[in-house]
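Visitor: what's the 3D shape of this:
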Amino acid sequence: MRPHRHARASRRRLTHFLPPVLVALLAVTAVVAANATNAAHTCGGELPLRVTVTPAMQQVVRQVANGFEQDRSGVNGLCVKVQVVAEQAADVVAELPTKPIDPPALWIPDSSLWASTAAQKDAAVPGVTPKIVPHASLATSPLVVVGGMDEVAKLGWSQSSVSWQRLVDPGVPVDIADPLTNTEGLATLGLAEGMAPAQNGAPPPELIATLLRLRDATQPNIATCYQLMAKNPQTAPLFTATEQSVIAHNTDSSGPNSSGQAVALYPNEGSVLFDYPVVRVLTNEEPAGTDAAAAAFESRLRSAGAAKSLSDAGFREPGGRAAWAMRAGVRMDTPNRLPAPTSDQVTTVLRAWDVIHLDGRTLAVIDTSGSMAEPMPDGQSRIEVARDGALAGMSLMPDTTAVGLWTFADQWSELVPLGPLGGQTNGAPQRQLLQQAAMSLPGKVKGSTALYDAALQAYTVLRNGYDASKVNSEVLITDGKNETPGGLDLTGLLTALRAEVDPTRPIQIIGIGLGPDADMDVLQQLAATTGGKAYQALNGADFRSVLFDALSRRPCATSNC
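Guide: Numbering: from 1, shown residues only. Down below sits the predicted model:
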């Protein structure tokens, strides 16, 4: 220690012998050097940089932004001021193409699916819209099945015995976050579609069953699912969420053995990885220097320090590796990566989801004339195709939807009057009556085709009982032309329909022509007069597809659907 004290003492003594001018010169030099160093990190004024981020990543991005701003590195002499805003990706997608009042320069959704969806929507909107440029992912987190420790133990589920298929087991309580606004719910439906892919655009029975199972098990968001679990850890339903959300929840819970702790279950088939891309959103109105500021901040988001912060928050690396130490309720090994849902898959499953939630008042009017016994190319008779389609359509509809069934040959006939599927008619369940009536259709085939009379009478019944809280529609299915001598002609039918149509009380006619002999010109005129649509189905697969399309494209008559 003595040599160090001697050195310090020598330096102190040396200063006493330096000329005053030299001391002053050294002091000025030190100040100038310090100012030069600070000048490299100074700026004046502000350049705003808006960054919209998925809520799960907001805290980390805000932390990175704080460090970025403290460095006071500028662009064009302006200090970059980062505004970090948390917003669900679905809301961003809804706003960007049509009302980008204050669009972000950078957007970090939880899935690349949203970036492609936003780009597609932008392309479909006329005029100048923001340009969406997706960049690489910052992190990942797999979709897992989440439950309280007690509930998982009660089910006897181990991490090696869980399958996505078990989520539709009626004996297993399962919730999902609303798929219209939450990626977790949307990804879950996408997985369901992947396990039972749509054929010709129509969902198969297995997918319909899954959607019906989940229809009444929807929560507003993931936070609600965790709140239910914390409140009732032994009975709360399982739900799907990201692995990162499990880590965040358990970190906030009190103690590793708390009953409020969550367990992540990793299905055998693998999982979809949420991939958190950075998306550059370019607009014509953005301030000069925004592109450079966005690039600089994105570079900071990809720094080693930011990666550590993301890891500490429970996110995995972009490749799926867990860089964090073992955490309670999750496992470190990388799950098998399942393909993310495609835009087409998402479109199909969301249309089906809309159908099973859309409250309607639908009168099915089915041709039972003699020609309906003729075969379609795939072997089924036309009436069998209509029967199967009617049964499939009803399976999609909620109990609150009102459905009735008519037939027509020489004249129209009411088989089941309009009524809610969950209600009763003459003491019998409405849904059961409709199923029985549909099954009886092949036995009713005979006679000619009173198409015009049936179409008008059904429309009149719908108009007289119009329900403003539901979507009112007539589904008219036929394989031929009007063949009723002395009845309405086409001019009389269209004149009568126009007199019945009331734009404030919309009722559609959805016409479906079965086979090559259907009078599509008439069906198209009926649809055009009432704001509906006409389709032609040349085989059974076509019919299922067009029926699904017709049901999913009905306009919503209320603000709640």
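
Visitor: look at residue 48 and give its secondary structure.
Guide: The three-state label given to residue 48 by DSSP: H, G, I helix; E, B strand; the rest coil is strand.

Visitor: and the one 3 residues further on, by the same measure?
Guide: When states are read from three-state DSSP, the local structure at residue 51 comes out as strand.

Visitor: that one - how many residues pack around it?
Guide: Counted by other Cβ atoms under 10 Å, the residues lying close to residue 51 total 23. Heads up, the C-betas are built off the backbone N, CA and C, glycines and all.

Visitor: what residues are up against residue 305?
Guide: Going by Cβ atoms under 8 Å, 6 or more residues apart in numbering, residue 305 touches 64, 67.

Visitor: mind checking the SS state of it?
Guide: helix.

Visitor: residue 176 versus that one, what's the distance?
Guide: 35 Å (Cβ to Cβ, to the nearest Å).

Visitor: same deal with residue 276?
Guide: 21 Å.

Visitor: any chance you could list what contacts the helix or strand hosting residue 213?
Guide: Using DSSP states H and E, residue 213 sits in helix 205-215. Contact with helix 205-215 is made by 168, 170, 174, 176, 188-189, 192-193, 195-198, 203, 349, 352-353, 356-357, 392, 395-396, 398, as judged by Cβ under 8 Å, 6+ apart.

Visitor: would you mind checking these for buried ones?
Guide: With neighbours counted by 16 or more other Cβ atoms under 10 Å, those contain buried members at 168, 174, 176, 188-189, 192-193, 195-196, 198, 203, 349, 352-353, 356-357, 392, 396, 398.

Visitor: okay, and which of these map to strands?
Guide: Counting by DSSP state E, those place 174, 176 in strands.

Visitor: so where do the helices sit in the stretch 1-150 of the chain?
Guide: Taking DSSP state H, counting those that start in this stretch as the test, the helices found in the stretch 1-150 of the chain are 2-17, 20-39, 58-70, 89-95, 112-124, 149-155.

Visitor: and the last one, what other elements does it pack with?
Guide: Here helix 149-155 is seen to pack against strand 262-265 when contacts are counted using 3 or more Cβ pairs under 8 Å, 6 or more residues apart in numbering; DSSP states H and E.

Visitor: can you list the strands that the strand it packs on pairs with?
Guide: Neighbouring strands of strand 262-265 in its sheet, by DSSP bridges, are strand 141-148 (antiparallel).

Visitor: so for the partner strand, mean pLDDT?
Guide: When pLDDT is averaged over strand 141-148, the result is 95.

Visitor: from the middle of its chain, how far away would that strand be?
Guide: Here strand 141-148 is found 18 Å from its chain centre; the criterion is Cα atoms, centre = their mean, to the nearest Å.

Visitor: and what of stretch 481-490?
Guide: Relative to the mean C-alpha coordinate of its chain, stretch 481-490 is positioned 47 Å out (Cα atoms, centre = their mean).

Visitor: which residues sit against that stretch?
Guide: 369, 410, 448-453, 456, 496, 517, 519, 522, 525.

Visitor: ditto for stretch 284-293
Guide: Contacts for stretch 284-293 (Cβ under 8 Å, 6+ apart): 47, 48, 49, 75, 76, 78, 80, 105, 128, 282.

Visitor: may I have the one helix or strand residue 346 maps to exported as CSV, CA atoms only?
Guide: Using DSSP H and E, residue 346 maps to helix 343-357. C-alpha atoms of helix 343-357 as CSV (Å, rounded to 0.1, in the frame of the first residue of the first chain):
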residue,chain,number,x,y,z
SER,A,343,-55.0,-16.6,-43.9
ASP,A,344,-57.4,-18.9,-45.8
GLN,A,345,-57.8,-21.2,-42.7
VAL,A,346,-58.4,-18.2,-40.5
THR,A,347,-61.0,-16.8,-42.9
THR,A,348,-62.8,-20.2,-43.0
VAL,A,349,-62.9,-20.7,-39.3
LEU,A,350,-63.9,-17.2,-38.5
ARG,A,351,-66.8,-17.3,-41.0
ALA,A,352,-67.9,-20.5,-39.3
TRP,A,353,-67.5,-18.8,-35.9
ASP,A,354,-69.7,-15.9,-37.1
VAL,A,355,-72.4,-18.3,-38.4
ILE,A,356,-72.7,-20.2,-35.1
HIS,A,357,-73.1,-16.8,-33.2
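
Visitor: off-centre distance for the strand or helix carrying residue 528?
Guide: Here residue 528 sits within helix 520-530, counting by DSSP H and E. Distance of helix 520-530 from its chain centroid, counting by Cα atoms, centre = their mean, is 33 Å.

Visitor: go on, stretch 86-94?
Guide: Centre to centre, stretch against its chain (Cα atoms, centre = their mean), the figure for stretch 86-94 is 11 Å.

Visitor: would you mark the buried spots in that stretch?
Guide: 87, 88, 89, 90, 92, 93.

Visitor: show me what the helix holding residue 346 is packed against.
Guide: Partner elements for helix 343-357 (3+ Cβ pairs under 8 Å, 6+ apart): helix 112-124, helix 183-195, helix 205-215, helix 382-396, helix 540-552.

Visitor: so which residues of the stretch 451-561 of the chain form helices?
Guide: 451-464, 490-500, 520-530, 540-552.
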